[in-house]
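In: no sequence for this one, just the structure:
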């Protein structure tokens, strides 16, 4: 019997086993790292998709809720004639049309602002109250509310627009994006919402504002049911 045949009959040496076990360990470590990276990547992709979907839903909701604003002129306490619309860097209040859904719809008072939420964080909250024949905004602490976005770290509102008649464009008219809307007898044409959450800034949400049907700056009262109430 040859020496080589005798070596094969004796099996693997301890050194060979150690080398094989070391190589298998390295392969297992590499595979575990690859699986962990894949799981983390999948989680990040899911979070990004969820955040993008939330941005889309919030923008769509605001577009349907904010776009139809009542631009009727009314006699406001201590302000004279104007529209029920107020906007500054912290909040925006208006009278508009609630998107139709079961049990809810029609003209409402609205307020969009950053508020403290139950979790102790800041959230973008919309409040709404069914419209009543009054010329001032309601007590918002008694209004129904809905949190649109949680954990907001930064938020501001800007408005911009031109008068319906360019002859009214004088030196006092607010030009460009304004943190406070100062034209009491008109609503702006656009609203820009800037905000950021814990994961970073959102793309600016730009909304076009349109007076609701039968709502014109020349009316002297609220519009309801297709007609104005003096």
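Out: Received the coordinates, thanks. Treat the numbers as computed from the prediction; the structure is a model and nothing was measured. Residues are numbered from 1 along each chain as shown.
In: longest strand anywhere in this protein?
Out: Under DSSP state E, the strand in the chain containing the largest number of residues is strand 104-116.
In: go through that strand and flag the buried ones.
Out: Neighbour-count burial for strand 104-116, counted by 16 or more other CB atoms under 10 Å, picks out 107-115. From N, CA and C alone the C-beta is placed, and that goes for glycine too.
In: ok, now which ones touch the residue nearest the centre of the chain?
Out: Closest residue to the average C-alpha location of the chain: residue 58 at 4.5 Å, with CA atoms, centre = their mean. Each residue near residue 58 by CB atoms under 8 Å, 6 or more residues apart in numbering is listed here: 124, 148-149, 205.
In: out of the residues you listed, which is most surrounded?
Out: When neighbours are taken as other CB atoms under 10 Å, the top entry among the contacts of residue 58 is residue 124 (22 neighbours).
In: just checking, what packs against the host helix or strand of it?
Out: Taking DSSP states H and E as the definition, residue 124 sits inside strand 122-130. The contact analysis (3 or more CB pairs under 8 Å, 6 or more residues apart in numbering; DSSP states H and E) places strand 122-130 against strand 104-116, strand 144-149, strand 152-160.
In: so the shortest one versus strand 152-160, what angle?
Out: The one in question is strand 144-149. Taking axes from the mean of the first three to the mean of the last three CA atoms, to 10 degrees, strand 144-149 and strand 152-160 form an angle of 110 degrees between their directions.
In: in its sheet, what does strand 144-149 sit against?
Out: Each strand paired with strand 144-149, and its direction, by DSSP bridges: strand 122-130 (antiparallel).
In: run the chain-centre distance for the strand it pairs with.
Out: The gap between where strand 122-130 is centred and where its chain is centred comes out at 12 Å by CA atoms, centre = their mean, to the nearest Å.
In: what do you get for stretch 55-73?
Out: 11 Å.
In: same thing with stretch 173-180?
Out: Put simply, stretch 173-180 sits 22 Å off its chain's centre (CA atoms, centre = their mean).
In: list the buried residues for stretch 75-88?
Out: Across stretch 75-88, burial judged by 16+ other CB under 10 Å covers 82-85, 87-88.
In: quick one on the thing from earlier: of the contacts of residue 58, which is the nearest to residue 13?
Out: The shortest approach to residue 13 among the contacts of residue 58 belongs to residue 149, at 65.6 Å (CB to CB).
In: now the element after the strand or helix carrying the residue nearest to the centre of the chain, going C-ward?
Out: Assigned by DSSP H and E, residue 58 belongs to helix 14-66. Next along the chain after helix 14-66, taking DSSP H and E as the criterion, comes strand 68-69.
In: what lines up beside the next helix or strand after that following strand in the sheet?
Out: Later in the chain than strand 68-69, the nearest helix or strand by DSSP H and E is strand 74-76. Strand 74-76 has its sheet partners listed here by DSSP bridges as strand 80-82 (antiparallel).
In: cool, thanks, talk later.
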